[in-house]
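> Generate a structure from the sequence data that follows.
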Amino acid sequence: MDKFTSLYTFIDLASTNRKYPKSTANNLKSSLKIFEKELNTEELKSISMVEDSVNEIFRSVVIANKEKSIVSLNTYRARLLKVIKDYKKYGVNPGKMQSWTVKQKQSTPLLISKDKKDKSKDKDILSNPIYASVNNYYKMEFSTRESAKITLSIPKDITPEEVNLIKTILDSLPA
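So this is what the prediction gives:
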C-alpha cells in the first residue's frame, strides 16, 4: 500500500526528470493539498482507497471550499486523478519513468488573421523597398493618476484646424 504523501515525492521526481513542467507540478501539488485536508487516516495510508472513494471525498472538498467555483474544484479533482494514474503507471516502478514519453502541447496563436493580400497571386518579397515614411507622426505617452498609460499619436501633416480642435479638447479637461 502506497501512502498519499508518496504522490508528492512522485511529482517532484517527475518534475526533476522533465515529465512535468514546474508549473504543472505546482498545480498538481496544490490539488493534492486541497484533497489531503479532507482525507481520513485510512485514506492517507492508501492511494487506491483515495481513488476508489474520490467522489465521496470530492463532496467533502466542495463543502469545505465554498469560496471556490465548482469548475475549479473539478479541475483539482481531474489533476488528482491524473497524478494517481501517472503514479500507478510510472511511480510504483521508477524504472518505467525512462520509457515515459511526454506529449508535447502544440502552441496555438492567440490571434489568427487572414490578410486579403495573402489570397492574391502576388506575394510581398522581403527585399522590396517600403515607400511609406516610418516617422510620419509624433508620439507622446502620458501616465494617468491610476498608473494607466495613454499614447497620443499626432500625424506630422496635421492641419491648423485639427490643432485647434485638439487644443480645445485638452483645455476642456479637468486639470
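
> give me the number of residues near residue 64?
Residue 64: 13 surrounding residues under other C-beta atoms under 10 Å. Just so you know, the C-beta spots here come from the backbone N, C-alpha and C atoms, and that holds for glycine as well.

> Give me the nearest residue to it, chain neighbours excluded.
Spatially, and ignoring its direct neighbours in sequence, residue 64 is nearest to residue 38 (6.0 Å; C-beta to C-beta, 6 or more residues apart in numbering).

> you'd agree that neighbour is in a strand?
No - using DSSP: H, G, I helix; E, B strand; the rest coil, the assignment for residue 38 is coil, not a strand.

> Could you report the pLDDT at it?
On pLDDT, residue 38 comes in at 93.

> residues touching it, list them.
When contacts are counted by C-beta atoms under 8 Å, 6 or more residues apart in numbering, residue 38 touches 57, 60, 61, 64.

> Which ones among these lie within helices?
In helices, judged by DSSP state H, the following of the contacts of residue 38 are found: 57, 60, 61, 64.

> from those, which two are the most distant?
Spatially, the most separated pair among the ones in helices among the contacts of residue 38 is 57 and 64, at 10.4 Å (C-beta to C-beta).

> which residues of this protein fall in helices?
Secondary structure of the chain, counting by DSSP H: helices at 6-16, 22-36, 41-44, 47-52, 54-64, 70-86, 116-119, 160-172.

> Least reliable of the ones you listed by average pLDDT, please.
helix 116-119 (a mean of 51).

> Which segments of this structure make up each domain?
Domains of the chain are assigned by automatic domain parsing as 6-99, 133-172.

> quick one, which of those domains is packed in tightest?
Most buried of the domains of the chain, by mean neighbour count (mean count of other C-beta atoms under 10 Å): domain 6-99, with a mean of 15.

> Pull up the distance across it, start to finish.
One end of domain 6-99 to the other measures 20 Å (C-alpha to C-alpha, to the nearest Å).

> I figured residue 18 hits residue 102, correct?
Yes - at 7.3 Å, residue 18 counts as touching residue 102 under the criterion of C-beta atoms under 8 Å.

> Which pLDDT value goes with residue 90?
For residue 90, the model assigns a pLDDT of 89.

> And for residue 137?
The per-residue pLDDT reported for residue 137 equals 72.

> In space, what's closest to residue 45 - neighbours in sequence excluded?
By the measure of C-beta to C-beta, 6+ apart, the closest residue to residue 45 outside its immediate chain neighbours is residue 3, 5.8 Å from it.

> Burial check on that neighbour, number of neighbours?
What residue 3 shows, counting by other C-beta under 10 Å, is a neighbour count of 12.

> Brilliant, that's me finished.
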